[in-house]
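Novice: Need coordinates for the below:
(chains A and B)
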Amino acid sequence: KAGVTQTPRYLIKTRGQQVTLSCSPISGHRSVSWYQQTPGQGLQFLFEYFSETQRNKGNFPGRFSGRQFSNSRSEMNVSTLELGDSALYLCASSLRGALYEQYFGPGTRLTVT
Amino acid sequence: QKEVEQNSGPLSVPEGAIASLNCTYSDRGSQSFFWYRQYSGKSPELIMFIYSNGDKEDGRFTAQLNKASQYVSLLIRDSQPSDSATYLCAVKIEMNTGFQKLVFGTGTRLLVSP
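Specialist: Numbers count the residues shown, from 1 in each chain, chains lettered A, B, ... in the order given. Next comes the predicted model:
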């Protein structure tokens, strides 16, 4: 069974630009959650999509948004990038939802200069 | 007080010993608890989950949950150098908005020496 895939794996952007990250969940999983991981803050929940609807949302500014398509693939968008957005962005796939067993993708390393 | 707390370590144990990793949480109503392992440069990998008080065993791993004391622990028996990683505890917590979220601790780094 194929795992969670994320593209791109690495990204370098400039302050003020926007970025879109993509995540394909495990086949059959309808829940996709997004996390930001930094050395200082650890792993922080951004939001969860389940069957194309945002089901949960963490405490991040509105610059962070997402969506999910009918095939369960999800995208995360960050607008007006700031230096502090440099992080590893992980998506996690789950059969039942973000509050149950989740399986993480390899992540996208975003560097904002 | 942080919602989920873990000692950052490193916790150093010799090969073959039992490694004991602990996690405390603030929300007394929490019902679901997870342990993830993260190797350096890799993404977290689910090891175990536990929903009920007591012990849950899976191979060399045992998760222990004590809701009265609000802690969950992970025991690794016969520790191997390949177990050297950061172990993340995650707890399902209810927010004041009524929504629930999964909160991760900052992780404990485990070093198993040959």
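Novice: tally of neighbours for A:G3?
Specialist: For A:G3, the count of nearby residues is 14 (other C-beta atoms under 10 Å in any protein chain shown). All C-beta atoms are positioned from the backbone trio N, CA, C, and that covers glycine.
Novice: That one is in what secondary structure piece?
Specialist: Element membership for A:G3 (DSSP states H and E) is empty, with no helix or strand holding it.
Novice: Correct me if wrong: it contacts A:Y103.
Specialist: Yes. Contact criterion C-beta atoms under 8 Å: A:G3 and A:Y103 qualify, at 6.7 Å.
Novice: overlap in contacts of those two?
Specialist: A:I26 (C-beta atoms under 8 Å, 6 or more residues apart in numbering or on different chains).
Novice: Quick check: B:D83 touching B:L110?
Specialist: Yes. B:D83 is in contact with B:L110 according to C-beta under 8 Å; the separation is 6.3 Å.
Novice: With neighbour numbers in mind, choose between those two.
Specialist: B:L110 (22 against 18).
Novice: Quick check: closest non-adjacent residue to the more buried one.
Specialist: Counting by C-beta to C-beta, 6 or more residues apart in numbering or on different chains, the nearest residue to B:L110 once its immediate chain neighbours are dropped is B:L11, at 5.1 Å.
Novice: and the gap between that neighbour and A:S27?
Specialist: For B:L11, the distance to A:S27 (C-beta to C-beta, to the nearest Å) stands at 37 Å.
Novice: Which strand or helix spans the residue nearest the centre of chain A?
Specialist: Closest to where the C-alpha atoms of chain A average out (C-alpha atoms, centre = their mean) is A:W34, at 3.2 Å. Taking DSSP H and E as the definition, A:W34 sits inside strand A:31-38.
Novice: what residues does chain B put near chain A?
Specialist: Applying C-beta under 8 Å from any C-beta of the partner chain, we find that chain B lies next to chain A at B:32, B:34, B:36, B:42-46, B:49, B:88, B:92, B:99-107.
Novice: all helices of chain B, in order?
Specialist: Using DSSP state H, chain B contains no helices.
Novice: Can you pick out the residue with more neighbours from B:L11 and A:S27?
Specialist: Comparing B:L11 with A:S27 by other C-beta under 10 Å, the one with more neighbours is B:L11, at 17 against 11.
Novice: neighbours around B:A68, how many?
Specialist: 7.
Novice: mind checking how far it is from B:D55?
Specialist: Distance of B:A68 to B:D55, given as C-beta to C-beta: 15 Å.
Novice: Specify the beta-bridge partners of A:W34.
Specialist: When bridges are called by DSSP bridges, A:W34 pairs up with A:F47, A:C91.
Novice: Let me see the contact set for it.
Specialist: A:W34 touches A:C23, A:F45, A:L46, A:F47, A:E48, A:G66, A:S74, A:M76, A:Y89, A:L90, A:C91, A:A92, counting by C-beta under 8 Å, 6+ apart.
Novice: mind running it again at 6 Å?
Specialist: A:L46, A:F47, A:M76, A:C91 (C-beta atoms under 6 Å, 6 or more residues apart in numbering or on different chains).
Novice: Among these, list the two that are farthest apart in space.
Specialist: Spatially, the most separated pair among the contacts of A:W34 is A:F47 and A:C91, at 10.5 Å (C-beta to C-beta).
Novice: how about the strand holding A:W34: buried residues?
Specialist: A:S31, A:V32, A:S33, A:W34, A:Y35, A:Q36, A:Q37 (16 or more other C-beta atoms under 10 Å in any protein chain shown).
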